[in-house]
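A.B. asks: have a look at this prediction, sequence included:
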Amino acid sequence: MKKQLIWGASVIGAGALLSLVHIYLTAPASERTVSVSGECLTTAPKDRTALTLRVRVVDRSAAVSMKKATARVTEVTEFLKTVDVKMQTTQFDSYEKTEWNHVSQKSISMGYETSIAIDVSAEKIETIETVLNKFAGQENIYSENFRMFTSAETMKPVLEKCLGDAVANARARAGALAAGDGRKVGKLLDVTYSNGGSIDARPMNFARGMKMEEAITMDFGGGLVSQDTNVSVTVSATFEVR
């Protein structure tokens, strides 16, 4: 009985497949299509160096805390305007700072903390070193999150070329499938794509008074080795089959 069921299912499956092939072969040329995927893997050079400057001020008065922090940020931005960098404020928080007191078994207010973060980036690592040295050791100013990345301007042509390569890869696959039926691939009818990348942005912490070369040696074990950004594009493409 089981063998008969398996045999019957096989016949039905083969019949369904033959029906699909028949529909494909007898369909009008304009309706014959093939959908395939295509991929591209490449890299993009990291062309900018960046770090985050954070101003952090604690005071018993919330208004004073914000006023002092804002004044320090003004000092920072005025200097940054004199060097070749791009800057952007990425965080502005002001909140009551508390600590747990183990003796009284309750949270104790330490005052109000205002934290303002500014991302700073430049084409040359020497420019970032100038910024670092300017504010190293200054009260209420901290340097963090040293990193290298690929700018949008550099990434754009790399992604566009990779997209074209992924479509070409899909066309080649479609051509191989069509050739098995003695046909050729025509125009591209539809395409969707997704892209991704892995950017190695390793945070780096600087001790006060530490030079950039010393921090790099400590964190990277003998020098900064910047790997390119990995870029991937995957497309799903539909082609006409003639």
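C.D. replies: Everything's here; your move.
A.B. asks: domains for the protein, by residue range?
C.D. replies: Listed domain ranges for the chain are 28-47+150-242, 48-149 (source: automatic domain parsing).
A.B. asks: list the helices and strands the top helix by length along the chain packs on?
C.D. replies: Using DSSP state H, we find that the single longest helix of the chain is helix 152-179. With contacts defined as 3 or more C-beta pairs under 8 Å, 6 or more residues apart in numbering; DSSP states H and E, helix 152-179 has these neighbours: strand 33-44, strand 185-198, strand 229-241. For glycine as for every other residue, the C-beta is placed from the backbone atoms N, C-alpha and C.
A.B. asks: could these go into JSON lines alongside mean pLDDT, distance to Glu129 and mean neighbour count?
C.D. replies: Below are those laid out as JSON lines (pLDDT from 0 to 100; distance: least, C-beta to C-beta, whole Å; neighbours: other C-beta atoms under 10 Å):
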{"stretch": "strand 33-44", "mean pLDDT": "96", "distance to Glu129": "24", "mean neighbour count": "17"}
{"stretch": "strand 185-198", "mean pLDDT": "86", "distance to Glu129": "26", "mean neighbour count": "13"}
{"stretch": "strand 229-241", "mean pLDDT": "95", "distance to Glu129": "22", "mean neighbour count": "20"}
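A.B. asks: with distance to Asp84 as extra columns, can I get these in a markdown table?
C.D. replies: Compiled in a markdown table, these are given as follows (distance: least, C-beta to C-beta, whole Å):
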| stretch | distance to Asp84 |
| --- | --- |
| strand 33-44 | 22 |
| strand 185-198 | 26 |
| strand 229-241 | 22 |
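A.B. asks: what's the offset of stretch 65-83 from the middle of its chain?
C.D. replies: From the chain centre to the centre of stretch 65-83 is a distance of 29 Å (C-alpha atoms, centre = their mean, to the nearest Å).
A.B. asks: repeat that for stretch 166-175.
C.D. replies: Averaged C-alpha coordinates place stretch 166-175 at 27 Å from its chain's average position (C-alpha atoms, centre = their mean).
A.B. asks: which residues touch it?
C.D. replies: Stretch 166-175 has contacts (C-beta atoms under 8 Å, 6 or more residues apart in numbering) with 34, 36-40, 184-185, 188, 191, 193, 233-237, 239, 241.
A.B. asks: what's the burial count for Phe135?
C.D. replies: Phe135 has 18 neighbouring residues, counting by other C-beta atoms under 10 Å.
A.B. asks: could you do Ser107 as well?
C.D. replies: Ser107: 11 neighbours (other C-beta under 10 Å).
A.B. asks: for it, what are its contacts?
C.D. replies: Counted by C-beta under 8 Å, 6+ apart, Ser107 has contacts Thr98, Glu99, Trp100, Asn101.
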